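**Student:** Got a sequence here, can you build the structure:
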Amino acid sequence: MHNSTDFRIGNYRPIYLWAGPGTIRMNKLKFMQVDVDENVHQEAHQFTGAALVVNDLYQNWIHLTYSWGFPPEIEQEDWQSFENATCEYHKLGAKVFAYIQSSNCVYSGSFKDKNWYAITPKGKKVYYYTGRYMTCFQNNGWINYLKERIQDAISRGADGIFFDNLWYGLQPNALFRTWLGAAGCYCTACQEKYYQETGKRMPTLMDLQKKEVLDYIEWRSQSMTQVIQQLSDFARSLKSDVIISANDYDPVMRPVKLIFGIDFPSLAKIQDVTMIENFALPKWEESQPKILVNNTLTVRNTQPYLPHQKHLSVLSYDAGIGFDPVYPSRRILTGMAEAAALGCSMTTKGTEYHDGKKMTLLTAPEYGEQQKAIGNLHHWLQDHQSIYQSQTKRVASVGFLHPGDPLWQNWFQIAPLYFACQQTLLAAGIPWRTITDDKDLDEIRHLIVFENLQQPEKLPHELSIIKAYEFSSWKTFSQSFFDHHPGLKNILSEIADNLIRGYHANKSLRKLMDWMGMSKLVTHTPFFTLPPQEFQNELLNKIDLQKVIRVISEHPVLIDVWKNKSDGLHIHLVNYHAQKQVIKLKIPDNSILTVISPDQQTQEMQITSDTAMLELDLYSICLLENK
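**Tutor:** Predicted coordinates for the structure are as follows:
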């Protein structure tokens, strides 16, 4: 098996690098004949591009295009390109993931004759972007085809298999605080299997107040997990040390078990290294209302569900695939620093950028500044990996008791409050952690709960329970009007479905909807907007800040505190502001503070009061020794 230390901060430096002929072809299909910089896409599969990625950006795990899901008579060119590229990256000491599109394929050529497509309750195929349809995870023909691709990718030199888009069929859409449309696949095979296993018919209306609907959602996610386990076992039977990873799409900021059939904790057990893709590239917007986009919420809410020593990486977008230009260096470095501070890695987004004229890659020559900045921070993280490897656990005096299944089951009621509380503390510079087990309350002094049934029975006497659902400044949304009028809900579902189908099928309609920003209704979350100041004050006034290690700053700063093996503390500070700022760090007095930073000389400070004044540019680690 692989060495688990390969997947640690500084050691694991992955990059998404979809390139080669398959990505050129896919971009033109997906974005309706968009212009593509073909030279830079081809070069990424050649020695020149590989040398840039490995030596300059200092990446060592490369996600390479193997199968986008084109029919084999077209895609065999891509398989050969993958093999050639893998050879070049191996020469430079890097390892390679083979990208395999797992839940959809291109509807052309020999694939038009296949019967493996996911079906709606009305017998229609399910779109996945333009020219592609979702496939069925219960169809043996499709599963066997994926096994053929796994076997061929390994034979061509793949060190790892990366499964993209673990989505089971049709996805319900959120609109007006209700769920529109069905979920999953309603082909004959799925319906028969569901009936055989449960004795019930598959529900077509996602009314989460009904137990039969909740049972079906669980069945759908368990079925997909079983398929990924089967495919992973098959890969490991061919190559015992193959690394399994997947796109665990946005499992925190949206209810993915309902929408896609993703059960993150179960899928994480299968994977050797997990990767979350989302729309959370850090950004502080001093608008009204203020918006703090971040990955802190995602990472802190997923890490408790990871198996012991299982590593997490994040890959974040801004507007989304095909919309974003290459990000400025500062944005990229903030994402890298935030990930490291939180105990995970950032997968570099190297691909699917649009520069205003054409699709391009991070490896294009005009992005030399970004390439150098990424490489420098990767070197720094590797040089300081011993700091991260000595960390044993996150420390905080404030905890959020995770609501569990009620969170996705009552998304429109609980999620806004849950994330508003977490955003408030993050913006206020107060460390916190997510509690998934009420026995895991070490050093927690304030526990924030979100349901009346959540309060644990036996609690330490010094623990303060904060009942967020009772806040006078918060108004919980009621059930949607459409939930009480199923006939109108069906009409609304039909309208939404036709709009989505038109978006994928009609170039003019897509341009109009993109111009109107309608794609962001699907990709973006409202939960990064900071709650009203009245709410923030009500929450903060319930927390005793006297003994809390925290940051006081003009603009938001991430603070994450970790205990090390010698019982000292590592205080990680990441500046969400675009410029450096002077901050106050509240810590125990009579302490020695060693400050390490990628952009400054190491400095040691003797703290005689309870406050340290620091100039924070991007990222600093404060090693605290209490005397």
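**Student:** Grab the longest helix from the protein for me.
**Tutor:** The residue-count maximum for a helix in the chain (DSSP state H) belongs to helix 211-238.
**Student:** what about the helices in the stretch 401-550 of the chain?
**Tutor:** 405-409, 411-427, 486-505, 507-515, 520-523, 533-540 (DSSP state H, counting those that start in this stretch).
**Student:** Tell me which of the ones you listed sits most buried.
**Tutor:** Among these, helix 411-427 has the highest mean neighbour count (mean count of other Cβ atoms under 10 Å), at a mean of 21. (C-beta placed from N, C-alpha, C; glycine too.)
**Student:** Next, the angle helix 533-540 makes with it.
**Tutor:** On the basis of axes from the mean of the first three to the mean of the last three Cα atoms, to 10 degrees, helix 411-427 is oriented at 70 degrees to helix 533-540.
**Student:** How far does helix 411-427 sit from its chain's centre?
**Tutor:** Offset of helix 411-427 from its chain centre (Cα atoms, centre = their mean, to the nearest Å): 18 Å.
**Student:** Give me the packing partners of it, helices and strands only.
**Tutor:** strand 291-293, helix 296-302, strand 398-401, helix 405-409, helix 533-540 (3 or more Cβ pairs under 8 Å, 6 or more residues apart in numbering; DSSP states H and E).
**Student:** residues in contact with the residue nearest to residue 9 when sequence neighbours are not counted?
**Tutor:** Closest residue to residue 9 apart from its sequence neighbours, by Cβ to Cβ, 6 or more residues apart in numbering: residue 388 at 4.2 Å. The neighbourhood of residue 388, defined by Cβ atoms under 8 Å, 6 or more residues apart in numbering, consists of 8, 9, 10, 340, 343, 381.
**Student:** any low-confidence regions in this protein?
**Tutor:** Along the chain, segments meeting pLDDT under 70 span 1-5, 453-457, 518-521, 626-627.
**Student:** Show me how it divides into domains.
**Tutor:** Using automatic domain parsing, the domain parsing of the chain gives 4-390, 547-627.
**Student:** Save the ones you listed as a markdown table, and put in distance to residue 512 too.
**Tutor:** Formatted as a markdown table, the domains of the chain follow (distance: least, Cβ to Cβ, whole Å):
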| stretch | distance to residue 512 |
| --- | --- |
| domain 4-390 | 13 |
| domain 547-627 | 33 |
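**Student:** Which neighbours in the sheet does the helix or strand just after the longest helix of the chain have, and how are they oriented?
**Tutor:** Remark: after helix 211-238, the chain's next helix or strand is strand 243-246, criterion DSSP states H and E. Strand 243-246 sits in its sheet next to strand 160-164 (parallel), going by DSSP bridges.
**Student:** how about the CA coordinates for the strand it pairs with, as CSV?
**Tutor:** C-alpha atoms of strand 160-164 as CSV (Å, rounded to 0.1, in the frame of the first residue of the first chain):
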residue,chain,number,x,y,z
GLY,A,160,-4.1,6.8,-9.4
ILE,A,161,-7.6,6.7,-10.6
PHE,A,162,-9.7,9.9,-10.2
PHE,A,163,-13.5,9.5,-10.5
ASP,A,164,-15.2,12.7,-11.5
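**Student:** can you give me the angle the longest helix of the chain makes with strand 160-164?
**Tutor:** 160 degrees.
**Student:** OK, contacts around the spatially closest residue to residue 573 that is not a sequence neighbour?
**Tutor:** With Cβ to Cβ, 6+ apart as the criterion, residue 573 has its nearest non-adjacent residue at 4.8 Å, and that residue is residue 620. Taking Cβ under 8 Å, 6+ apart, we find residue 620 in contact with 572, 573, 595, 596, 597, 600, 614.
**Student:** Can you check which of the helices of the stretch 401-550 of the chain gets nearest to residue 292?
**Tutor:** Each of the helices of the stretch 401-550 of the chain has some distance to residue 292 by Cβ to Cβ; the shortest is helix 411-427, at 5.6 Å.
**Student:** mind listing the strands for the stretch 251-400 of the chain?
**Tutor:** Ranges of strands in the stretch 251-400 of the chain, per DSSP state E, counting those that start in this stretch, are 273-278, 283-285, 291-293, 311-316, 345-346, 348-349, 353-354, 359-360, 391-395, 398-401.
**Student:** Of all these, which one comes closest to residue 470?
**Tutor:** For residue 470, the closest of those is strand 398-401, at 14.5 Å, according to Cβ to Cβ.
**Student:** gap between the closest one and the chain center?
**Tutor:** Centroid separation for strand 398-401 versus its chain: 21 Å, with Cα atoms, centre = their mean.
**Student:** Note down every partner strand of that strand and its orientation.
**Tutor:** According to DSSP bridges, strand 398-401 forms sheet pairs with strand 433-435 (parallel), strand 446-449 (parallel).
**Student:** For the residue nearest to residue 573, what is the enclosing helix or strand?
**Tutor:** Using DSSP H and E, residue 620 falls in strand 619-626.
**Student:** Show me which residues of that strand are buried.
**Tutor:** For strand 619-626, burial by neighbour count (16 or more other Cβ atoms under 10 Å) applies to 619, 620, 621, 622, 623, 624.
**Student:** Who does the third one form a beta bridge with?
**Tutor:** This points to residue 621. Taking DSSP bridges as the rule, residue 621 bridges to residue 572, residue 596.
**Student:** what's the distance between it and residue 249?
**Tutor:** Distance from residue 621 to residue 249, counting by Cβ to Cβ, to the nearest Å: 30 Å.
**Student:** who are the neighbours in contact with the closest residue to residue 171 other than its chain neighbours?
**Tutor:** Nearest in space to residue 171, with sequence neighbours left out and distances taken as Cβ to Cβ, 6+ apart, is residue 259 at 4.9 Å. Contacts were defined as Cβ under 8 Å, 6+ apart; by that measure residue 259 touches 171, 172, 183.
**Student:** Using TSV, lay out the helices of the stretch 401-550 of the chain together with distance to residue 462.
**Tutor:** Below are the helices of the stretch 401-550 of the chain laid out as TSV (distance: least, Cβ to Cβ, whole Å):
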stretch	distance to residue 462
helix 405-409	27
helix 411-427	20
helix 486-505	48
helix 507-515	54
helix 520-523	43
helix 533-540	20
